[in-house]
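>>> Quick one: sequence plus predicted model below, questions after.
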Amino acid sequence: MINNLYFCKKLKNDMKKYTNIICIALFALLVASCASTKKIPYMVGAESIPQEALEQVTKNSEPIIMPGDLLEILVTASNPEVVKPFNRMGMVYQMTGTLSTYGNNTTNSSAYYLVDNEGNIEFPVVGKLNIGGMNKVQAQKVIFDAISPKYIKEAPGIDIRFKNFKVSVLGEVAKPGVYTATNERFTILEALAMAGDLTIMGKRDDVMLIRTNEKGTREIHRIDLNDKNLVLSPYYNLQQNDQIYVSPNASKARSSWTIPPALTLGLSTMGTLISIATLIVTIVK
């Protein structure tokens, strides 16, 4: 009888110890699964950035022409026949004041200019022109100087448009995909908005930006969306063909973790033993 009482007492103590361990473990998992609300808002305190700093960034946000870009270039003048040789595929255009509109050939990709790996385009009559690494204003001047006044006495108008200004957004966003900017301009916030914003599981303080620079080489940059200085970053304004990857946060990583079969079997066995022990204690009482 004494041995039975001793056994029951020891079993109760062991059960209490195991129960406490299990409760502590479950509580720890619950706490760890809660994402910190401090890491959710974007650019906290951005209103404190001086206006002068914002204006300087705006002046330096022009897109840069890079290898692989597809450009639409239109040369205009008061006499369309004079500039016709400088427009690919004999494009037809109409003058509406200072604004030029393209004819039916605008959907023909052969009318566009592909920038090669050295930053060159093959321009009608003139030949090879190097415009890689320039913004549109600089490239317009290169083309202008190449045809005027050598080929055209009248100062021509030069219009350049990007036909491949798109970015890719993937990872922990609502709608991963490739998005095109109709106005040749994308900020990282606009790109994320088009992708439906980050999911609650997205890591906001470590977004990866993959960019191909004007030399044709890749760069990888890390962006903290929580940082107010993001708006001053050279990566706030995206370049064409930028790729944005939002990695999962710790909560998502934990939720995707699967219990190994051996551990599952062990937990099941432990639960069975605890149930048997509880039954024995009840019967002894």
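Nice, thanks for sending it over.

>>> residues in contact with the closest residue to Leu230 other than its chain neighbours?
Distance criterion CB to CB, 6 or more residues apart in numbering; nearest residue to Leu230, sequence neighbours excluded, is Met43 at 5.3 Å. Yep, even glycine has a C-beta here, placed from its N, CA and C like the rest. For Met43, the contacting residues are 225-228, 230-231, by CB atoms under 8 Å, 6 or more residues apart in numbering.

>>> Try it again at 10 Å.
Applying CB atoms under 10 Å, 6 or more residues apart in numbering, one finds that Met43 lies in contact with 49, 189, 224-231, 236.

>>> what's it sitting at in phi/psi?
Dihedral angles of Met43 (phi, psi; degrees, to the nearest 10) stand at phi 40, psi 60.

>>> Please apply the same query to Met66.
Per-residue torsions, Met66: phi -130, psi 160 (degrees, to the nearest 10).

>>> And it, how far from Leu170?
Separation of Met66 from Leu170 (CB to CB, to the nearest Å): 21 Å.

>>> Which residue of these two possesses the greater neighbour count?
With neighbours defined as other CB atoms under 10 Å, Met66 and Leu170 compare such that Met66 has more, 22 against 14.

>>> could you pull out the strands for the stretch 51-200 of the chain?
70-76, 93-96, 99-102, 113-114, 120-123, 127-130, 157-162, 166-171, 177-180 (DSSP state E, counting those that start in this stretch).

>>> Save the ones you listed as JSON lines, and put in mean pLDDT and distance to Gly202 too.
Shown next, in JSON lines, are the strands of the stretch 51-200 of the chain (pLDDT from 0 to 100; distance: least, CB to CB, whole Å):
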{"stretch": "strand 70-76", "mean pLDDT": "93", "distance to Gly202": "31"}
{"stretch": "strand 93-96", "mean pLDDT": "39", "distance to Gly202": "45"}
{"stretch": "strand 99-102", "mean pLDDT": "40", "distance to Gly202": "40"}
{"stretch": "strand 113-114", "mean pLDDT": "94", "distance to Gly202": "35"}
{"stretch": "strand 120-123", "mean pLDDT": "94", "distance to Gly202": "39"}
{"stretch": "strand 127-130", "mean pLDDT": "94", "distance to Gly202": "40"}
{"stretch": "strand 157-162", "mean pLDDT": "92", "distance to Gly202": "28"}
{"stretch": "strand 166-171", "mean pLDDT": "94", "distance to Gly202": "7"}
{"stretch": "strand 177-180", "mean pLDDT": "94", "distance to Gly202": "15"}
